[in-house]
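Colleague: my questions are about this predicted structure, shown below with the sequence.
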Amino acid sequence: MDFQVKFAINEKIFLRNPESSEVGKLMVKKAIDLIYELGFEHFTFKKLAIEIGSTEATIYRYFENKHRLLLYILNWYWCYMEFLVTFKLENLTDKKEQLRVIVHLLTHEFAESTSQFDYNKKYLNQIVISESSKVFLVKEVTEINKDAVFKPYKDLCTKIAAVITSYQPDYQFPRSLSTTLIETAHHQQFFGANLPKLTDISPENKTDFANSFLEDLLFKALG
């Protein structure tokens, strides 16, 4: 399912809103493509400038550094994920099925976007799996957090926690379980693709391994 949607991203992340210009929109789109292709360590503003046919100085007018650009991309993704969860659960009343839908969203990659103007959500999903921890596993995380730049991630966790509580009101750790589901989904997908001996993945369960593992973990925790 391919949505073309816009979200209000925290203004503390950027110097100039990339949504305010065509070059800004292209900048984010091409940054996603490049980070997916090269990895965040090898991604540079110089390489991005070449891709968008502009200069590094132009990019620096929008983002202070590449960490901030990654933070912008991840914020967009978490907003998108919350939107998807809300949309998918809208007509579902069965609480267990709601949790299964959430697990499925967390453990299955998106199809490549078909619009040339839209972000490639398959690439974006892979970036989140591989690179998302790099925005908060930093020494300055407390200072960065003061600007509420992790709010979309927290909002998604809160939404999942609410569904957990609705399913099992007596469970004491809904927020901790919601973050565990998200981060474990990332780790198991990454390990399954790159370090399979750290998992129980096999040729028979390769497609649904992470989903099956998380469902088992979730419902055993909730009783």
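Modeller: Thanks, I have the structure now. Numbering: from 1, shown residues only.
Colleague: okay, buried residues for the helix or strand hosting Leu74 please.
Modeller: Under the criterion of DSSP states H and E, Leu74 resides in helix 66-89. For helix 66-89, the buried set under the neighbour-count rule, 16 or more other Cβ atoms under 10 Å, comprises 66-82, 84-85, 89. Using the backbone N, CA and C atoms, a C-beta is placed for each residue, glycine as well.
Colleague: after that helix, next one along is what?
Modeller: With DSSP H and E, the next secondary element past helix 66-89 is helix 95-107.
Colleague: that next one packs against which elements?
Modeller: Under the contact criterion of 3 or more Cβ pairs under 8 Å, 6 or more residues apart in numbering; DSSP states H and E, helix 95-107 touches helix 66-89, helix 151-167, helix 174-194, helix 209-222.
Colleague: show me the one of the ones you listed that comes nearest Arg100.
Modeller: Taking Cβ to Cβ, helix 209-222 is the member of the helices and strands packed on helix 95-107 nearest to Arg100, at 6.5 Å.
Colleague: which strands and helices sit next to the closest one?
Modeller: Here helix 209-222 touches helix 95-107, helix 174-194, going by 3+ Cβ pairs under 8 Å, 6+ apart.
Colleague: stretch 205-220: how far from the chain's middle?
Modeller: Here stretch 205-220 is found 19 Å from its chain centre; the criterion is Cα atoms, centre = their mean, to the nearest Å.
Colleague: what of stretch 169-184?
Modeller: Centroid displacement of stretch 169-184 relative to its chain, using Cα atoms, centre = their mean, is 17 Å.
Colleague: report the buried residues of that stretch.
Modeller: Neighbour-count burial for stretch 169-184, with 16+ other Cβ under 10 Å as criterion, is recorded at Pro174, Leu177, Ser178, Thr179, Thr180, Leu181, Ile182, Thr184.
Colleague: now swap in stretch 92-104 and tell me
Modeller: Neighbour-count burial for stretch 92-104 flags Gln98, Leu99, Arg100, Val101, Ile102, Val103 (criterion: 16+ other Cβ under 10 Å).
Colleague: for it, output the C-alpha coordinates as PDB.
Modeller: What follows is stretch 92-104, C-alpha atoms only, in PDB (Å, rounded to 0.1, in the frame of the first residue of the first chain):
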ATOM      1  CA  LEU A  92     -10.700  -3.800  13.700                       C
ATOM      2  CA  THR A  93     -12.400  -4.500  17.100                       C
ATOM      3  CA  ASP A  94     -10.700  -7.700  18.000                       C
ATOM      4  CA  LYS A  95      -7.800  -6.700  20.300                       C
ATOM      5  CA  LYS A  96      -5.700  -9.800  19.600                       C
ATOM      6  CA  GLU A  97      -6.000  -9.200  15.800                       C
ATOM      7  CA  GLN A  98      -5.000  -5.600  16.400                       C
ATOM      8  CA  LEU A  99      -1.800  -6.700  18.000                       C
ATOM      9  CA  ARG A 100      -1.100  -9.200  15.200                       C
ATOM     10  CA  VAL A 101      -1.500  -6.400  12.600                       C
ATOM     11  CA  ILE A 102       1.000  -4.200  14.500                       C
ATOM     12  CA  VAL A 103       3.500  -7.000  14.600                       C
ATOM     13  CA  HIS A 104       3.000  -7.600  10.900                       C
END
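Colleague: thanks again, I'm all set now.
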